[in-house]
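Q: Sharing a model prediction with you, sequence too.
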Amino acid sequence: MILIATGINDFDEQIKEAIDREHIDDTKIIGYREYLIGDNVNSNIVILSKRLPGDIPEKQLIFELKKGDKAQKIIYLTNQEDIEGVAACFDFAVYDFLFDPVTVDDIVDCIKNQRTFTDVSPVYLNFQEKVALYPKEVLKKPIVNVKKEVKSYAKKPVKVKEKIKEVEKIKLVEKKVIETRLYKQNVVSFYSSDNNILASLILANSAAAFSKKSENRILVIDDNAVPCLDHLFGIGKEILVKDNFNTNSIDTGLSACYTSIENFTFTSELLKKFVIPVKHSKIDVLTGIYDESILKQMESKHYKGIIDTARKIYDVVLIAVNPFKAAAGTIFSLLNSDKIITVVESNYLSARSTINALKTFESTGIYKDKFGIVAAAANGALDIGVMEKIFEDYKIISQVPLNKNYNSSINAKKILINSLYCSKSDKKAYGKIVSFMGLSNSIVVKSQHQTGKENCKNNNGSHKKVFNIHLNLPFIEKLKNLK
């Protein structure tokens, strides 16, 4: 049995089709890491990618797959920046790893022809230089008995009202675990080839829609040539934190990050100080650079430092990407994103410009299935059917209706999805974007501690909205008794 677990649905299907065509072995597609370490899972080969969702670190997962009597051959798909993953491969004698861009033919060839250390020794020597510069505390994380922890967590009883059926309990627990796994440490870039302000507008509304449905902390990074997310969220662009090395006249979140990285002082704690929180939400904003001279000095190392640090302290990172294809921040952000939401106006010129940009990005090794197309439709726009035909090689995930309400919300410095101007079609459009980002449209299950707090608020009358359906059950029973 060959288990296919790359975390990229379309690519998984292509791999499965190619292996089945070659009649190599039976195949099965796996959707999350924890499944692979189950006691009843038997396989000869696991095709694994760092993009596979799950809470188990790559090193721990590779260890679990290689230990014991059923040590499996692992084909690990990764990129040149994955120091931790490649180091783990060498630690546990996994030599069948492939760097982006990876094709289905590469994988089939790897299945048929197993590599030895001699084959990958040049890679080993090259990575020793990178490992020497990498934080040792990250690479030397201890291996734990992860199966024991997963089993105990799975068997933990869930305290809910006796009126709820056992089947409903199971669904709620599964939903909470799976959704948490889906969007933990998720990086999503928003890009437009010809209208970066429109892309930022859709990012801001998507962030607000996502925040309403999840309990996760969200960081928004304004890496646009024309920063505007501070305006859209109704916050100031300048931060109040200064350091001894800072010489910028106007200090925004990103410019402060640039300065601290240049002076080797950048840390997680500093990043927390450089962001500006959005009121009444779980969103923090890293405001953009207004000084063009600083923007031109930003290199891949700066973007890497910011994104890598943000992943450690935020569950979701949303990036408004610079529209210039050759910009260091654009390429690095897209390469390191789990999803790329590409915004296009519903007209032929914008569509043509977007198609050209997507082809350029694909040539750099970005998988096609990372892209989700959002078609922005105004009066006189192309029909969605025409847009789907133009983008037949890609997936149109949503059509956002642009109307006068957008201008009203922009001028009022309010997010449309949070305002009175928001229509049902707006909510539906952003619900689809949120689903693509990794969160279902249904309500996220909260912990007993959280629901208890919310219940207290409802009793005080300060909040009328009921967050958890279980809180309504006793009240409903009382109404029935009154009848």
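A: Cool, got the structure.

Q: and Thr27, what does it touch?
A: 1-4, 15-16, 19-20 (CB atoms under 8 Å, 6 or more residues apart in numbering). The way it works is simple: take the backbone N, C-alpha and C, and place the C-beta from them, glycine included.

Q: mind redoing it with 10 Å?
A: 1-4, 12, 15-20, 43, 45, 47 (CB atoms under 10 Å, 6 or more residues apart in numbering).

Q: ditto for Asn224
A: Asn224 touches 190, 192, 196-197, 199-200, 203, 254, 288-289, 295, 319-323, 329, counting by CB under 10 Å, 6+ apart.

Q: Quick one, grab the pLDDT at it.
A: Note for Asn224: predicted pLDDT of 86.

Q: Using the three-state scheme, assign it.
A: When classified by DSSP: H, G, I helix; E, B strand; the rest coil, Asn224 comes out as coil.

Q: one step back: which of the contacts of Asn224 fall within strands?
A: 190, 319-320 (DSSP state E).

Q: of those residues, closest to Asp91?
A: Set against Asp91, the nearest of those by CB to CB is Ile319 (31.7 Å).

Q: you'd agree the closest one is up against Asp222?
A: Yes: using CB atoms under 10 Å, Ile319 is in contact with Asp222, at 8.5 Å.

Q: Find residues that contact each of the two.
A: 203, 286.

Q: Looking at these two, which is more packed in?
A: Ile319 (29 against 26; other CB atoms under 10 Å).

Q: For that one, give the beta-bridge partners.
A: Ser189, Ile221 (DSSP bridges).

Q: how about it, what does it touch?
A: 187-191, 203, 219-224, 286, 303, 306-307, 310, 329-330, 333-334, 336-337, 340.

Q: again, 8 Å this time
A: If a contact means CB under 8 Å, 6+ apart, then Ile319 has 187-190, 220-221, 223, 307, 333, 337 as its contacts.

Q: Out of these, which is nearest to Ala378?
A: When those are compared against Ala378 (criterion: CB to CB), the nearest one is Phe190, at 18.7 Å.

Q: ok, how many other residues are close to the closest residue to the closest one other than its chain neighbours?
A: Nearest non-adjacent residue to Phe190, counting by CB to CB, 6 or more residues apart in numbering: Leu203, 4.1 Å away. Applying other CB under 10 Å, we find 28 residues neighbouring Leu203.

Q: Same question for the one 10 residues further on.
A: Using other CB under 10 Å, Lys213 has 17 neighbouring residues.

Q: Kindly report the same for Lys296.
A: A count of nearby residues for Lys296, using other CB under 10 Å, gives 11.

Q: cool, and the one 5 residues further on?
A: Using other CB under 10 Å as the criterion, Lys301 is surrounded by 12 other residues.

Q: Also Leu232?
A: With other CB under 10 Å as criterion, Leu232 counts 26.

Q: hang on, the earlier thing: could you single out the nearest of the ones in strands among the contacts of Asn224 to Ser346?
A: Of the ones in strands among the contacts of Asn224, the one sitting nearest to Ser346 (CB to CB) turns out to be Phe190, at 17.2 Å.

Q: any idea how far Glu13 is from that closest one?
A: Noted for Phe190: a distance of 26 Å to Glu13, by CB to CB, to the nearest Å.

Q: What ranges does the stretch 351-483 of the chain have for its helices?
A: Along the stretch 351-483 of the chain, the stretches classed as helices by DSSP state H, counting those that start in this stretch are 384-390, 404-411, 424-437, 448-460, 473-482.

Q: Where does the prediction get shaky in this protein?
A: Along the chain, segments meeting pLDDT under 70 span 39, 68-71, 129-185, 240-250, 325-326, 439-483.

Q: what domains does the record give for it?
A: 2-146, 180-437, 450-483 (automatic domain parsing).

Q: Just name the most buried of those.
A: Of all those, domain 180-437 carries the top mean neighbour count, a mean of 19, counting by mean count of other CB atoms under 10 Å.

Q: about what we covered before: which of the contacts of Thr27 fall in helices?
A: Here DSSP state H is the test, and these give 12, 15-20 as lying in helices.

Q: Could I get these in TSV, plus columns for distance to Glu238?
A: Converted to TSV, the ones in helices among the contacts of Thr27 look like this (distance: CB to CB, whole Å):
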residue	distance to Glu238
Asp12	46
Ile15	49
Lys16	52
Glu17	53
Ala18	53
Ile19	55
Asp20	58
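
Q: Of the residues you listed, just say which sits nearest to Ser121.
A: Ile15 (27.1 Å).

Q: what's near enough to touch the closest residue in space to that closest one that isn't next to it in sequence?
A: Closest residue in space to Ile15, ignoring its immediate chain neighbours: Ile4 at 5.2 Å, by CB to CB, 6+ apart. With contact set as CB under 8 Å, 6+ apart, Ile4 has these partners: 12, 15-16, 19, 27-30, 47.

Q: let's go with 7 Å and repeat that
A: 12, 15-16, 27-30, 47 (CB atoms under 7 Å, 6 or more residues apart in numbering).

Q: how about CSV for the residues you listed, with distance to Ala88 added?
A: Shown next, in CSV, are the contacts of Ile4 (distance: CB to CB, whole Å):
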residue, distance to Ala88
Asp12, 22
Ile15, 22
Lys16, 25
Thr27, 24
Lys28, 24
Ile29, 23
Ile30, 19
Ile47, 16
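
Q: Tell me the spacing between Phe341 and Phe210.
A: Small correction: residue 341 is Ile, not Phe. For Ile341 relative to Phe210 (CB to CB), the value is 12 Å.

Q: what's the closest non-adjacent residue to Glu64?
A: Ile37 (4.6 Å).

Q: all strands of this structure, in order?
A: 2-5, 27-29, 45-49, 73-78, 97-99, 186-191, 218-222, 276-277, 283-286, 316-320, 339-345, 371-377, 395-401.

Q: and the shortest one, how far from the chain's centre?
A: Distance of strand 276-277 from the chain centroid (CA atoms, centre = their mean, to the nearest Å) equals 20 Å.

Q: Return the distance of Leu61 relative to Ala88.
A: Distance from Leu61 to Ala88, by CB to CB: 9 Å.

Q: Now for the closest residue to Gln297 other than its chain neighbours: which residues touch it?
A: By the measure of CB to CB, 6+ apart, the closest residue to Gln297 outside its immediate chain neighbours is Tyr258, 7.1 Å from it. Residues counted as contacts of Tyr258 (CB under 7 Å, 6+ apart) are 294, 298, 302.

Q: and which of those is nearest Ile75?
A: His302 (33.3 Å).

Q: Who are the contact partners of the closest one?
A: So His302 contacts 257-258, 261 (CB under 7 Å, 6+ apart).

Q: between these, which is closest to Gln399?
A: Scanning the contacts of His302 for proximity to Gln399, where the rule is CB to CB, the winner is Cys257, at 34.9 Å.

Q: Surely the closest one touches Phe266?
A: Yes: the pair Cys257 / Phe266 is scored as a contact, 6.4 Å apart, by CB atoms under 7 Å.
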